[in-house]
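Trainee: Any chance you can model this:
(chains A and B)
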Amino acid sequence: MRRDTVCKIISNKQAGKFFFEMKAEWISAAKICAPGQFFMINIPGVFLRRPMGVHKIEKKTISFLYKVAGKGTGILSQMKKGKIEILGPLGNGYDLNIGSKTPVLIAGGTGIASLYCLAAAIKKKKGILFYGARSRKDLICLDKFRKLGWRVFISTEDGSKGYKGFVTEMFEKDLALRFREKENFSSYYIYVCGPSPMMNAAIKIARHYSLSGCVSLEEKMACGVGNCQGCSVLIDGQNKMVCKDGPVFYINQNL
Amino acid sequence: MNTKLNINFAGIKLKNPVLTASGTFGYGYELADLIPLEKLGAIITKTITLEPRLGNPQPRIAEVESGMLNAIGLQNIGVKNFIEKPLENLKKTGVPIIVSIAGKCGKDYAEIVKILNGFKEIAAVELNLSCPNLKKKIICHDVSLTKDIIKRVKKISKVPIIVKLSPLITDISELALSAQNCGADAVTLANTYPAMAIDIETFKPKLSTIKGGLSGPCVKSMSIRCVYDAYQKIKIPILGCGGIMTWQDAVEFMLAGASAVSVGTASLISPKNLIKIIDGLENFLSVKKIKSIKEISGAMKR
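Mentor: Prediction:
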């Protein structure tokens, strides 16, 4: 059950040039929390709580991997010990029941944080990761995915590592190639998390190749529990709240 | 049971003066797993309209210094859907229910009140005449329309009518007085403040509607001034609203003249804040050896 509580900060370490990973002790949340769910984190010094997808679930702890992007995450990165107020777990996570399908993750930027949690949860299945970032300095979690034995394809916008361009272009090229070679990719089940334009592009591609899958949406929200209605989006012609009805939606929904 | 916090607000018996603010607590019953709803003085629902409304496009929320902007645009399921499920769930909480409503004209408001009249569990109706997030201008900026709405609704309503006003007005005490003269049983002072913010990276407004409603601690002192001004002029009770984050803020509103308070933005940040405010008020009365919360309404010394 979701709760609004105070947790002990176990660690909060740098995890890449612009990233930090904070681990908090919360046994009951660790037990029930699923990949794709999120928490509202109170950061003293900024007004609203920050929604963050869970990155790692261990026996007694949950972890958040975040980019230091502004005042709030800047303050958060300096909170090395002590307590932190967190509300969660919130929303619906990724659909993990994909039968014999191959999980294919498409991650843009910070989207990798929540998708890693998913990969770790289905570790028996070796999947494929398409991961794009601005430059090589922005890439994180690569060692973690290698440890899981996943195939990893990288793109950077500046070409400093891997394919030069957007991750969605790289993914589309891969699909086009397989299509030409008459390779079967109907077993792909895709999971998408990243900035909105990237997710929109990924959804378009998935529909073009009739792939099914999930996408984790992001909108500004104040409460995380459906009360402010700040994060409402139109899906299948109806208002859906990213916090409560999502953040994970199916690609075949009219997003 | 402790009765120190009991009040009678415009004829409604409340166990304490802490209410949820419209538009910040959903339809009222959804957070029963996070806080004990039965502790609340009353629940004011989000604003209901005659027909369902989709609300505004994204983005609808922006954080600002010590507060937030919203441009929800009265997204709601419409009164007919509201009475079917949410109201049924809300009844089960046992908390006094105040339904916030909005429309374009007196006829709309009266139409909704006619439907709500059928439910004896509804303790009062709050007329939202002050939503800043609609394409048309704020209703209470049109004084004759405001009067017409209140009079029409008062003619047919079976429960007390609370009128929620906008703080963006030359003299809020004048408007509160005309609400009283039209038969309003109480006023809520005040709604959010029309405001805006711009992203300096993209040069785009932070809300899809450009302008939205400002709430949070940054508006508190202005709303206290609204309450104080109106308290000098009107006899009907005032529901203080605007940036109340703590019990201390609630006390301040009451000293300025509010009989009760509604808490909105604070409960978005953590619903527990509602309970903390109630507990804080109770403790405050004990420490100060005050017998009843009623004694502090308008008790500011000069």
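Trainee: beta partners of the residue nearest to B:K294 when sequence neighbours are not counted?
Mentor: Sequence neighbours aside, B:I7 is the residue nearest to B:K294 in space, at 5.9 Å (criterion: Cβ to Cβ, 6 or more residues apart in numbering or on different chains). Every residue, glycine included, has its C-beta placed from N, CA and C. Beta bridges link B:I7 to B:L14, judged by DSSP bridges.
Trainee: One more: A:F64?
Mentor: Here A:F64 sits in beta bridges with A:M22, going by DSSP bridges.
Trainee: Just list the residues touching it, thanks.
Mentor: Listed by Cβ atoms under 8 Å, 6 or more residues apart in numbering or on different chains, the contact partners of A:F64 are A:E21, A:M22, A:A24, A:F39, A:I41, A:M52, A:G53, A:V54, A:H55, A:A113.
Trainee: separation between the closest residue to chain B within the stretch 101-250 of chain A and B:N70?
Mentor: Closest to chain B within the stretch 101-250 of chain A is A:G230: 3.5 Å, counting by Cβ to the nearest Cβ. Remark: distance between A:G230 and B:N70 (Cβ to Cβ, to the nearest Å) = 6 Å.
Trainee: what do the two both touch?
Mentor: In contact with both A:G230 and B:N70: A:A222, B:R60, B:I61, using Cβ under 8 Å, 6+ apart.
Trainee: Correct me if wrong: the second one contacts B:N70.
Mentor: So the one you mean is B:R60. Yes - the pair B:R60 / B:N70 is scored as a contact, 6.1 Å apart, by Cβ atoms under 8 Å.
Trainee: so where do the strands sit in the stretch 51-200 of chain B?
Mentor: Remark: strands assigned in the stretch 51-200 of chain B by DSSP state E, counting those that start in this stretch are B:61-64, B:67-70, B:97-101, B:122-128, B:161-165, B:186-189, B:193-196.
Trainee: deepest of those, which one?
Mentor: Across these, averaging neighbours per residue (mean count of other Cβ atoms under 10 Å in any protein chain shown) puts strand B:186-189 on top, at a mean of 30.
Trainee: ok so, going back, nearest to chain A, out of the strands of the stretch 51-200 of chain B?
Mentor: strand B:61-64 (3.5 Å).
Trainee: pLDDT and neighbour count for the contacts of A:F64 - can I get that in a markdown table?
Mentor: Listed next are the contacts of A:F64 as a markdown table, based on pLDDT from 0 to 100; neighbours: other Cβ atoms under 10 Å in any protein chain shown:
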| residue | pLDDT | neighbour count |
| --- | --- | --- |
| A:E21 | 97 | 20 |
| A:M22 | 98 | 25 |
| A:A24 | 98 | 23 |
| A:F39 | 98 | 25 |
| A:I41 | 98 | 24 |
| A:M52 | 97 | 23 |
| A:G53 | 97 | 28 |
| A:V54 | 98 | 26 |
| A:H55 | 98 | 25 |
| A:A113 | 96 | 25 |
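Trainee: Select from those every entry located in helices.
Mentor: Among the contacts of A:F64, DSSP state H puts A:A113 in helices.
Trainee: residues from chain A in reach of chain B?
Mentor: Within chain A, the residues that sit near chain B (Cβ under 8 Å from any Cβ of the partner chain) are A:1-4, A:42, A:46-49, A:85, A:87, A:219-223, A:225-234, A:239.
Trainee: outside of stretch A:98-109, which residues touch it?
Mentor: A:67, A:115, A:118-119, A:122, A:125, A:127-134, A:138, A:166-168, A:171, A:187-195, A:198-199, A:202, A:213.
Trainee: chain center to it: distance?
Mentor: Centroid separation between stretch A:98-109 and its chain, computed with Cα atoms, centre = their mean, to the nearest Å, is 12 Å.
Trainee: Can you show me the helices along the stretch 51-200 of chain B?
Mentor: Along the stretch 51-200 of chain B, counting by DSSP state H, counting those that start in this stretch, helices occupy B:78-84, B:86-93, B:106-116, B:143-156, B:172-181.
Trainee: buried set for the first one?
Mentor: If you call a residue buried by 16 or more other Cβ atoms under 10 Å in any protein chain shown, then helix B:78-84 has these buried ones: B:V79, B:F82, B:I83.
Trainee: contacting residues around the last one?
Mentor: This points to B:I83. B:I83 neighbours (Cβ under 8 Å, 6+ apart): B:I115, B:L116, B:G118, B:F119.
Trainee: Now for A:N227: which residues touch it?
Mentor: B:T24, B:F25, B:G26, B:E30, B:L31, B:S267, B:L268, B:P271 are the contacts of A:N227 under Cβ under 8 Å, 6+ apart.
Trainee: Tell me how far it lies from B:I275.
Mentor: 15 Å.
Trainee: Relative to chain A, which residue of the stretch 201-302 of chain B is the closest?
Mentor: Residue nearest to chain A within the stretch 201-302 of chain B (Cβ to the nearest Cβ): B:L268, separated by 4.1 Å.
Trainee: since we're on that residue, how many residues are nearby?
Mentor: 29 (other Cβ atoms under 10 Å in any protein chain shown).
Trainee: host element of it?
Mentor: If you go by DSSP states H and E, B:L268 is part of helix B:265-269.
Trainee: now for that helix, which elements pack on it?
Mentor: Helices and strands touching helix B:265-269, by 3 or more Cβ pairs under 8 Å, 6 or more residues apart in numbering or on different chains; DSSP states H and E, are strand B:67-70, helix B:272-288.
Trainee: Now tabulate those in a markdown table and tack on mean pLDDT and distance to B:K158.
Mentor: Below are the helices and strands packed on helix B:265-269 laid out as a markdown table (pLDDT from 0 to 100; distance: least, Cβ to Cβ, whole Å):
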| stretch | mean pLDDT | distance to B:K158 |
| --- | --- | --- |
| strand B:67-70 | 98 | 32 |
| helix B:272-288 | 97 | 28 |
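Trainee: got a markdown table for those, with distance to chain A too?
Mentor: Listed next are the helices and strands packed on helix B:265-269 as a markdown table, based on distance: least, Cβ to the nearest Cβ, whole Å:
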| stretch | distance to chain A |
| --- | --- |
| strand B:67-70 | 6 |
| helix B:272-288 | 5 |
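Trainee: Point out the most buried one among the ones you listed.
Mentor: strand B:67-70 (a mean of 26).
Trainee: Just the buried residues out of the residues of chain A next to chain B, in PyMOL syntax.
Mentor: Buried members of the residues of chain A next to chain B can be picked out in PyMOL with the line below, counting by 16+ other Cβ under 10 Å:
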select buried, chain A and resi 2+4+42+46+47+48+49+85+87+219+220+221+222+223+225+226+227+228+229+230+231+232+233+239
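Trainee: which ones among the residues of chain A next to chain B are found in strands?
Mentor: Secondary structure from DSSP state E places A:R3, A:D4, A:E85, A:L87, A:S232, A:V233, A:L234, A:N239 of the residues of chain A next to chain B in strands.
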